[in-house]
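**Q** what follows is a predicted structure for the sequence shown.
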Amino acid sequence: MSGIFAGFWLSDTRHLKPQIETLIAKQTGYTAQLVGDLGWQWQPPLQLHAGKVELRGNDDHIVIDRVALSVDIAALWRDIHSWRIEELSMTDLVRTSGTQTQRLSSIIIRELSWDRPAEFSLNGEFQTDVESEPTPVTAAGRVRYQPAKQDVAQQLVLNDVNITSPNVTAMCQVQVNLLTSVRPLTPSETTELIPTDALLRHGLLGDCLISRLAVNGHVFMNTHVTISNVDGQANVNLENTDFFGGQLSVDTTIDARQAPIAWTVRPELESVNSQPLLVWLNQRVEWVAPLTLTSLIKMSGNSRMELAQSIKADSRFNGEPGAISVSTFKDQLRRFMQPLGQSDALATWPDELQYEDFSGHWRIDGIEHQLEVALDHVTVSARGTYRYSDDELDMPLTLTIGEPAAGAYFSVDPVLQNTPIPFQCTGSRRSPSCKLQEDAIQQLITRALNPNDESGLRRKLEEKIEKSVPAEYQDAARGLLELLGRALRDD
C-alpha cells in the first residue's frame, strides 16, 4: 500500500511545485516560479522534468524553457549518502541583468553527487546590450558541489574549464562560496556596473589563463587573470607579458562594504611599443618609443557616470629616447612666430623629432585636469576641465621652448626662449582643437613692450637692443617699443 500511495503522491505534481520553489529560493536566494508543467518519467533512470521556470532576484531575471533531472534511484537503496544525479539538463536559458543578456541553448551536467566532480558543458551566447551583436560561447569542464556543513558555506568548484568564443580562448579554475544566508537581497539600480549583492553574498576565487584574447582587432596571447572576493572586498589582477612588446599589469580593488562602492585601480606599462599601442587606441599621433607608465586611480560609485565624476588619478609616464611627429605643433606655432619675424626659423625644424627625454605627469580631480609634459627643452603645462557627461574639453595650456642642448634639432630666437606661449584646447576628447590664444599673446607682447615689465621677454628685448642696436639709437629703439606697447594697450 505504501508503494501505491507513494506512486500516487509523486504522480500528482501540483503539491510539489510550492515545495520545489521554496527549496530553490532557499538554495539560490532567487524567487522561483515553476510556470510550466511538472512531471515524472518512471522507467530507469527516474526523471523529473519541468516546463518553463522563472527565477528573479534584484534586476536579475532568468527564464529556463525546460529542465530535466535524471536520478540513479538504485544507489539510494545501497547507501542513502551515495545518491547520484545521472544528468541535469537545462534548455534555452535566458538571463537578463540590466542591459546585459546571456542566452544558453543548453547546459548539461552528468554524474553529479555531493562533493564529487561531475562533467559539465554549456553552449550559448552573450549580449552586452540590446544593440550589440550576440557573441557565441562554449564551456566544458568539471564541477563539484559541496553542501553547507556547520560553519562552512556551500561551495561550487569549477576545475579545468575550457572557455571558447570568437574573442576568447581560456582555461579557468573557479571556487564560489554560496553565502546565501548572510545578507538579504536589496533592490539595486539597473545601471549597476557590478552586482553589489552578489559581492556581499558570495565568496569567489578564480584563476584564468587566457591563451587568446581579441580586443579591438588585436590578438593578445597569454593573459593571466586572478579574481578574489572575500566579504564584499574584491580584487582583479590582470597581467600580460607581451603587450605590444612590453608588459601590462592592472590591479583593481573593489570595496562593496561601503556606500558608495570604492574603486582603486593601478595600471602599469613597462617598455611598451608606443606606436602600435596608439594605433590600437585609434589615436592620431606618430610616436615611436618604449613607453613606461604608472598610475593610481580612485573612484566611487557603481555607474560609468558616477565613476567619471568622482575620479581622482595621478599618472606618470616616460617615453625614453624615441621619435615623435611635431608637424601639427609647428603649424600652430608658426602663427605666433610670424608677427615676431621668427617664422622662418620653423622651416629648419624636422616633422619627426628624435628626442632624448619625453616624460609627463597627469593629475585628475573630478572634471579638473592638470598636465605637465617635458619633451627635451620643450615643456607643456595645462590646467583645465573635461566634462565626461558632455564630452567637453576646455583646456588652457602654455608651451615653453627653453635653451636647446648642443645638437638639438630645433630652437627659437633667444628672445623667445623660456617664454610661455598660450594655447586653448576645446572640443571633444577624440577630436580636440588647439589654437593660439590671440588675446593672451597680445597681452604678452604688450607687457614685453612696457619698460616697467619684469618678465623674461622684456629683459631679453633689452639685451637684444644693447647687443644689436648702436648706442646712439638704443634710446630711440626703447621709445619705439614703448610707443608700440602703448598703442596695443589702448586697443
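**A** Cool, got the structure.
**Q** show me where the stretch 151-300 of the chain has helices.
**A** In the stretch 151-300 of the chain, the helices defined using DSSP state H, counting those that start in this stretch lie at 196-201, 274-280.
**Q** now the first one: average pLDDT?
**A** Looking back up the chat, that one is helix 196-201. What helix 196-201 shows for mean pLDDT is 80.
**Q** how far off centre is that helix?
**A** If you compare the mean C-alpha spot of helix 196-201 with that of the full chain, they lie 21 Å apart, counting by CA atoms, centre = their mean, to the nearest Å.
**Q** list the buried ones in that helix?
**A** Buried residues in helix 196-201, counting neighbours by 16 or more other CB atoms under 10 Å, are found at 196-201. C-beta coordinates here come from the backbone N, C-alpha and C atoms, glycine included.
**Q** in TSV, list the helices of the stretch 151-300 of the chain along with distance to Ser295.
**A** Formatted as TSV, the helices of the stretch 151-300 of the chain follow (distance: least, CB to CB, whole Å):
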stretch	distance to Ser295
helix 196-201	24
helix 274-280	15
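**Q** you'd agree Leu193 is up against Ala308?
**A** No. With contact taken as CB atoms under 8 Å, Leu193 and Ala308 are classed as non-touching, separated by 11.7 Å.
**Q** what's the closest of the helices of the stretch 151-300 of the chain to Glu392?
**A** Using CB to CB as the measure, helix 274-280 is the one of those that comes nearest Glu392, at 23.3 Å.
**Q** which strands or helices does the closest one pack on?
**A** Other elements packing on helix 274-280 under the criterion 3 or more CB pairs under 8 Å, 6 or more residues apart in numbering; DSSP states H and E are strand 287-288, strand 290-300.
**Q** show residues contacting the first one.
**A** Translated: strand 287-288. For strand 287-288, the external contacting residues (CB atoms under 8 Å, 6 or more residues apart in numbering) are 273-275, 278, 319, 322-325.
**Q** most neighbours, which of the residues you listed?
**A** With neighbours taken as other CB atoms under 10 Å, the top of the contacts of strand 287-288 is Ser274, carrying 26 neighbours.
**Q** give me the low-pLDDT residue ranges for the stretch 301-450 of the chain?
**A** Scanning the stretch 301-450 of the chain with the threshold set as pLDDT under 70 gives 328-329, 332-348, 407-416, 438-450.
**Q** helices of that one, start to end?
**A** With DSSP H, counting those that start in this stretch applied, the stretch 301-450 of the chain shows helices at 304-310, 327-337, 438-449, listed in chain order.
**Q** buried ones in the first one?
**A** Burial within helix 304-310, assessed by neighbour count using 16+ other CB under 10 Å, is assigned to 306-310.
**Q** dump the contacts of strand 287-288 into CSV; add distance to Arg257 as well.
**A** Written out in CSV, the entries for the contacts of strand 287-288 read as follows (distance: CB to CB, whole Å):
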residue, distance to Arg257
Asn273, 40
Ser274, 39
Gln275, 43
Leu278, 39
Gly319, 40
Gly322, 44
Ala323, 48
Ile324, 45
Ser325, 48
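**Q** and which of the residues you listed is nearest to Leu104?
**A** Distance to Leu104 across these (CB to CB) is lowest for Leu278, with 38.5 Å.
**Q** with adjacent residues omitted, what lies nearest to that closest one?
**A** Spatial nearest neighbour of Leu278, chain neighbours left out: Val285 (5.4 Å); criterion: CB to CB, 6 or more residues apart in numbering.
**Q** isn't the one you found up against Ile324?
**A** Yes. Here Val285 reaches Ile324: they are 7.4 Å apart, a contact under CB under 8 Å.
**Q** follow-up on the earlier one: need the buried residues of helix 304-310 in TSV with distance to Asn229, can you?
**A** Output for the buried residues of helix 304-310, formatted as TSV (distance: CB to CB, whole Å):
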residue	distance to Asn229
Glu306	21
Leu307	19
Ala308	24
Gln309	26
Ser310	22
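**Q** ok so Ala25 is a strand residue?
**A** No. In this structure, Ala25 is helix, not part of a strand, as judged by DSSP: H, G, I helix; E, B strand; the rest coil.
**Q** now it: how far from Leu34?
**A** To Leu34, Ala25 is 12 Å away according to CB to CB, to the nearest Å.
**Q** same deal with Ile261?
**A** Between Ile261 and Leu34 the computed distance is 35 Å (CB to CB).
**Q** what of Ser359?
**A** With distances taken as CB to CB, Ser359 is found 64 Å from Leu34.
**Q** among those two, which residue is more densely surrounded?
**A** Leu34 (19 against 14).
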